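Engineer: I'll drop the sequence and a predicted model, then ask my questions.
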Amino acid sequence: MTILTNEEVLELLKGVTHPEQDKDIVSLGMVEHLQVDPATGAVRFTLKLTKPRDPMAASVRRAAEAILTEATGVSPVIVVSEPLPPDSKAAKQQAMREKSSMSGVGQVIAVASGKGGVGKSTVTANLAVALAAEGFRVGVLDADIYGPSMPKMFGVEEYKPVAEVAEDGSDLEYIVPAEAYGVKVMSIGFFISGSDALVWRGPMATNALRQLLHQTAWGELDYLLIDLPPGTGDLHLTIVSELKLSGAVIVSTPQEVALADVVRGIAMFRNENVGVPIRGIVENMAWFTPAELPENKYYIFGPAGSDGRVAALAKEQRVSFLGSIPLVQAIAEGGDAGEPIASRDSVTGEAFRVVARTLA
């Protein structure tokens, strides 16, 4: 078994030529969603055909399978995708996505957790601020439809979104996001009262999420962080189906009960129908440090840090351990006050910046 890099796979696939067009399938843009399983070396990609019912599709696929199997010792998974009929409903939906305001977004990173209460939203907000402090153009989409917290964490609870007309002459309107600490923020929380319960069934919630994704005026971004709700459900699958995610970051505490759910979250993203690479795990609430004893560390939830449970799980799952965030009062106070601690020059702020640099 040989584990190749994406670049090595593409070099191999340049040796597969489409007989009718006399060009290799990489140059023709026929290779999409390329992934290599770091554990098995199996290659997976979508072979995007240039025309419906291409008579050369089978021979091209067989050639790609043969060259990859010989190089890796493992049979690849190749999903063949044909162009949609121009008048079909799916084609029209795809055309709308191509007009999406996401076109200027570079890396799309989902921040997830297997269970609630591990500080996922706090990590998302501070990670975004830390990335912005490093000079990146950053946005945050609050995809936790039923429990939006980003407006409060960024201190923009009173923001009232307005619409602007696109400059491309299409007359499409886009929602202008809030901005704070160098980060563009969009949340369903801007459209509902803070005291209202959002009693929506799944389809209503997913449709609202689609609108926030594609009709927000994101502009040019290096990173868009998506704060997902806990667990694995409809909203997660909507994000995966609507976007080509660059990866996912998992947040966990050192508790055994939290780590068990992390394994399930990783399995969801690695599912063959999802196929999102895990960019790393962040250990939150790693230890408690009281303000009056800044040198002390109390490991409330068990062993933490590079020798702790989260780091061990990351190694076991073959993903990066992005770093540890302590449990300190200033983080909670910053979130409540709308002043993410990553915006301050402090030891804890630096911890978030270290995680941001590692991820970037």
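Structural biologist: Now that the structure is in, tell me what you want to look at.
Engineer: got a list of contacts for stretch 19-30?
Structural biologist: Residues outside stretch 19-30 that contact it (CB atoms under 8 Å, 6 or more residues apart in numbering): 10, 13-18, 31, 47-50, 56, 59-60, 64. C-beta coordinates here come from the backbone N, C-alpha and C atoms, glycine included.
Engineer: Beyond the lowest-mean-pLDDT helix or strand in the chain, next helix or strand please.
Structural biologist: The weakest-scoring helix or strand in the chain, judged by mean pLDDT, DSSP states H and E, is helix 89-98 (a mean of 50). Next along the chain after helix 89-98, taking DSSP states H and E as the criterion, comes strand 105-112.
Engineer: Adjacent strands (with direction) for that next one?
Structural biologist: Its sheet considered, strand 105-112 pairs with strand 221-227 (parallel), strand 247-252 (parallel) by DSSP bridges.
Engineer: can you give me the strands for the stretch 201-350 of the chain?
Structural biologist: Secondary structure of the stretch 201-350 of the chain by DSSP state E, counting those that start in this stretch: the strands cover 221-227, 247-252, 278-283, 321-324.
Engineer: Show me what the third one is packed against.
Structural biologist: Right, strand 278-283. Here strand 278-283 touches strand 247-252, helix 256-270, helix 309-316, strand 321-324, helix 347-359, going by 3 or more CB pairs under 8 Å, 6 or more residues apart in numbering; DSSP states H and E.
Engineer: Emit the PyMOL select command for whichever of the contacts of stretch 19-30 are buried.
Structural biologist: Here is the PyMOL command that picks out the buried ones among these, judged by 16 or more other CB atoms under 10 Å:
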select buried, resi 10+13+16+17+18+31+47+48+49+50+56+60+64
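Engineer: Among the contacts of stretch 19-30, which one sits closest to M150?
Structural biologist: Closest approach to M150 among the contacts of stretch 19-30 (CB to CB): K48, at 35.0 Å.
Engineer: re the thing from before, so of the contacts of stretch 19-30, which ones are in strands?
Structural biologist: Residues of the contacts of stretch 19-30 located in strands (DSSP state E): T17, H18, V31, L47, K48.
Engineer: mind listing what the third one touches?
Structural biologist: Going back to what we said before, that points to V31. V31 touches L10, L13, I25, F45, T46, L47, K48, counting by CB under 8 Å, 6+ apart.
Engineer: Does L10 touch V36 like I think?
Structural biologist: No - judged on CB atoms under 8 Å, L10 makes no contact with V36 at a distance of 10.8 Å.
Engineer: okay, now E134: neighbour count?
Structural biologist: By the measure other CB atoms under 10 Å, the count of residues near E134 is 13.
Engineer: measure the closest residue to G41 other than its chain neighbours to V16 for me?
Structural biologist: The shortest distance from G41 to any non-neighbouring residue, by CB to CB, 6 or more residues apart in numbering, is to I3 (4.1 Å). Separation of I3 from V16 (CB to CB, to the nearest Å) stands at 20 Å.
Engineer: Could I get the full set of helices for the stretch 1-150 of the chain?
Structural biologist: Assigned by DSSP state H, counting those that start in this stretch, the stretch 1-150 of the chain shows helices spanning 6-13, 57-72, 89-98, 120-133, 150-153.
Engineer: So which of these is nearest V240?
Structural biologist: For those, the distance to V240 is smallest for helix 89-98, at 13.7 Å, taking CB to CB.
Engineer: Okay, now the unreliable bits of the stretch 51-200 of the chain?
Structural biologist: 84-100, 166-171, 193-200 (pLDDT under 70).
Engineer: If we use 50, what do you get?
Structural biologist: 92, 96-98 (pLDDT under 50).
Engineer: Identify, out of the strands paired with strand 105-112, the most deeply packed stretch.
Structural biologist: strand 247-252 (a mean of 26; mean count of other CB atoms under 10 Å).
Engineer: what residues does that one touch?
Structural biologist: Taking CB under 8 Å, 6+ apart as the rule, strand 247-252 contacts 107, 109-114, 118-120, 123, 127, 258-259, 261-262, 265-266, 269, 276-284, 310, 313, 319, 322, 359.
Engineer: One more: stretch 324-334?
Structural biologist: Contacts of stretch 324-334 (CB under 8 Å, 6+ apart): 119, 122-123, 126, 282-291, 297, 300, 304-305, 308, 310, 340-341, 343-344, 346, 348, 351-352, 355.
Engineer: Sort out which of those are buried, if you could.
Structural biologist: Burial by neighbour count, 16+ other CB under 10 Å: within the contacts of stretch 324-334 this picks out 119, 122-123, 126, 282-287, 289, 304-305, 308, 310, 340-341, 343, 348, 351-352, 355.
Engineer: Is there a neighbour count for Q35? I'd like the number.
Structural biologist: Using other CB under 10 Å, Q35 is surrounded by 18 other residues.
Engineer: ugh, typo on my part, it should be G275
Structural biologist: Applying other CB under 10 Å, we find 18 residues neighbouring G275.
Engineer: Ok, which of the helices and strands packed on strand 278-283 comes nearest F136?
Structural biologist: Short answer: helix 347-359, nearest of those by CB to CB, at 8.4 Å.
Engineer: Just give me how far stretch 239-254 sits from the chain centre.
Structural biologist: Mean-position distance between stretch 239-254 and its chain equals 4 Å (CA atoms, centre = their mean, to the nearest Å).
Engineer: hang on, the earlier thing: please verify my assumption that the residue nearest to G41 contacts G73.
Structural biologist: No - with contact defined as CB under 8 Å, I3 does not reach G73; the gap is 10.0 Å.
Engineer: T348 and L47: what is the separation?
Structural biologist: T348 is 47 Å from L47, where distance means CB to CB.
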